[in-house]
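quick one: sequence and predicted model below, then my questions.
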Amino acid sequence: MTILDQIAAAGTLPDLDAVRVAALGKSGEITALLKSLGGMTPEQRAVDGPKIHARREEVTRAIAARKTELEAAELDARLATERLDLSLPAREMPRGSVHPVSQVMDELTEIFADMGFAVAEGPEIEDDWHNFTALNIPETHPARAMHDTFYVNARTAAGDDYLAGEHERPMVLRTHTSPVQIRTMLGQKPPIRIIAPGRVYRSDSDATHTPMFHQIEGLVIDKGITMGHLKWTLETFLKAFFERDDIVIRLRPSYFPFTEPSAEIDIGWSMEKGRRVVGGSEGWMEVLGSGMVHRTVIEACGLDPAEWQGFAFGTGVDRLAMLKYGMSDLRAFFDGDLRWMKHYGFSALDVPTLSGGVGA
Ligand code: DAH
């Protein structure tokens, strides 16, 4: 077989390389011809030289061409075996799960977005002006002590208070999401309709309290807002969240420094198969704090309370999750126990939507 036939017959890249070595390698056939040029007379070399070089060119080109062919064939074969049939059912579902707090926050966002509320955010390390003073909780107010506040003592190497906020006040880990009300009113013009879900911190720990937990705040500022708007909004929200039409709420007069009047929202419960469930009105339990935004708070944000009114509300997200999905110990929420997550977590595909149902 001639070298060119051998090249054409090589079926794999290693076969082809063997042919190359036999022809062009150190002791290859064509290499030997090239070496023979040295022993020739100039006349003979003038005749044979171009022929030998042409031969080497021809063989080199044939090898390169065959190599390209073999590589393409090899790629085709690999692609054929690696092809994925995307219409096949998944053999294994994703193993992670969505934490109930994340799930409930998504549910809340979905419900309130449908009512025209935007999501607002604020820092978890907050200055005490936003966390307390602007919310009508002055320094001497007993509510400051009630909140079991974590104070943050952060200084630069030079001893400067580098975390001091705009108001040069001590910094705290925010004790509630209510400071987001202040930041929103300062940062945007009314009308305002926001919810602010997020982490809050208090120095407290037992079966129903953890040092970090989650709240959601709501704020509406507009003209001519009344407690009727507050009641409708919260009733509509609770019906959508618990996915029951027989939700009954009760407004109980209460006190919060930042609202006047203030009301605690109780939700009715009834016994179903020996278990307390929301719906009906055999008994009551508190689910939200709320009220009409205090004129002092509206003024602190530079708005005229004669022109702008509003309502606000706040509640614990973890508690809402416990009520809806039946967990009994809040501490387990933050233990990171995978068995708990497997039991109470949600599939990544359980995206809450109003049309599909916000509950999983
Ligand atoms: N900030 C309150 C708390 O942490 C909850 C609250 C009550 C928020 C009444 C409000 C409200 O906006 O109007 O206990």
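Noted; the coordinates are in hand. Since we're looking at a predicted model, the values are computed, not measured.

can you list the domain ranges for this structure.
Residue ranges for the domains of the chain, per automatic domain parsing: 3-81, 100-344.

please identify the most buried of the ones you listed.
domain 100-344 (a mean of 17; mean count of other Cβ atoms under 10 Å). Backbone N, C-alpha and C define where each C-beta goes, glycine included.

go ahead and flag the most central residue of this protein.
Among the residues of the chain, the one closest to the centroid is residue 102, at 8.4 Å (Cα atoms, centre = their mean).

name the element it belongs to?
helix 100-114 (DSSP states H and E).

looking only at pLDDT, what's the mean for the following helix or strand past that helix?
Next helix or strand after helix 100-114 toward the C-terminus (DSSP H and E): strand 118-119. Strand 118-119 shows a mean pLDDT of 97.

could you list every helix and strand in contact with strand 118-119?
strand 192-201 (3 or more Cβ pairs under 8 Å, 6 or more residues apart in numbering; DSSP states H and E).

tell me the strands beside the helix or strand following the strand it packs on, with direction?
Going down the chain from strand 192-201, the next helix or strand is strand 212-222, by DSSP H and E. Paired neighbours of strand 212-222 in the sheet (DSSP bridges): strand 192-201 (antiparallel), strand 309-316 (antiparallel).

so which of those gets nearest the ligand?
Closest of those to the ligand is strand 309-316, at 2.5 Å (criterion: Cβ to the nearest ligand atom).

quick one: the closest one to helix 100-114, angle?
160 degrees (axes from the mean of the first three to the mean of the last three Cα atoms, to 10 degrees).

wait, does strand 309-316 make contact with the ligand?
Yes - on the criterion Cβ under 6 Å from any ligand atom, strand 309-316 is in touch with the ligand at 312, 313, 314.

quick one: the residue nearest to the centre of the chain from residue 346, how far?
To residue 346, residue 102 is 8 Å away according to Cβ to Cβ, to the nearest Å.

what's the closest non-adjacent residue to residue 334?
residue 210 (5.7 Å; Cβ to Cβ, 6 or more residues apart in numbering).

I'd like the average pLDDT over stretch 36-48.
On average, stretch 36-48 scores 91.

any chance you could list what contacts that stretch?
Applying Cβ atoms under 8 Å, 6 or more residues apart in numbering, the contact partners of stretch 36-48 are 49, 52.

one more: stretch 17-35?
3, 6, 7, 10, 52, 53, 55, 56, 59, 60, 63.

start and end of it, how far apart?
Using Cα to Cα, to the nearest Å, the end-to-end distance of stretch 17-35 comes to 21 Å.

got it, and stretch 182-199?
Stretch 182-199 end-to-end distance (Cα to Cα) = 17 Å.

ok, and what's touching it?
Applying Cβ under 8 Å, 6+ apart, the contact partners of stretch 182-199 are 105, 108-109, 112, 115-122, 124, 130, 134-135, 177, 180-181, 212-223, 297-298, 300-303, 308, 310, 317.

distance between the longest helix along the chain and the chain's centre?
Ranked by number of residues, the top helix in the chain under DSSP state H is helix 42-82. Its chain's C-alpha centre and that of helix 42-82 lie 56 Å apart, by Cα atoms, centre = their mean, to the nearest Å.

now swap in stretch 88-97 and tell me
With Cα atoms, centre = their mean, you get 20 Å for stretch 88-97.

then stretch 124-132?
Its chain's C-alpha centre and that of stretch 124-132 lie 25 Å apart, by Cα atoms, centre = their mean.

run the contact check for that stretch versus the ligand.
No - Stretch 124-132 stays clear of the ligand (Cβ under 6 Å from any ligand atom), getting no nearer than 9.9 Å.

over to stretch 103-115?
No - Stretch 103-115 lies out of reach of the ligand by Cβ under 6 Å from any ligand atom, never closer than 13.8 Å.

which ones are touching the residue of the stretch 51-200 of the chain found nearest the ligand?
As assessed by Cβ to the nearest ligand atom, the ligand sits closest to residue 176 within the stretch 51-200 of the chain, at 3.3 Å. Residue 176 makes contact with 131, 147, 200, 215, 217, 314, according to Cβ under 8 Å, 6+ apart.

residue numbers of this protein in contact with the ligand?
176, 178, 217, 256, 259, 289, 290, 291, 312, 313, 314.

now the strands: where do they sit in the stretch 251-360 of the chain?
Using DSSP state E, counting those that start in this stretch, the strands assigned to the stretch 251-360 of the chain run over residues 259-272, 275-278, 283-293, 309-316.
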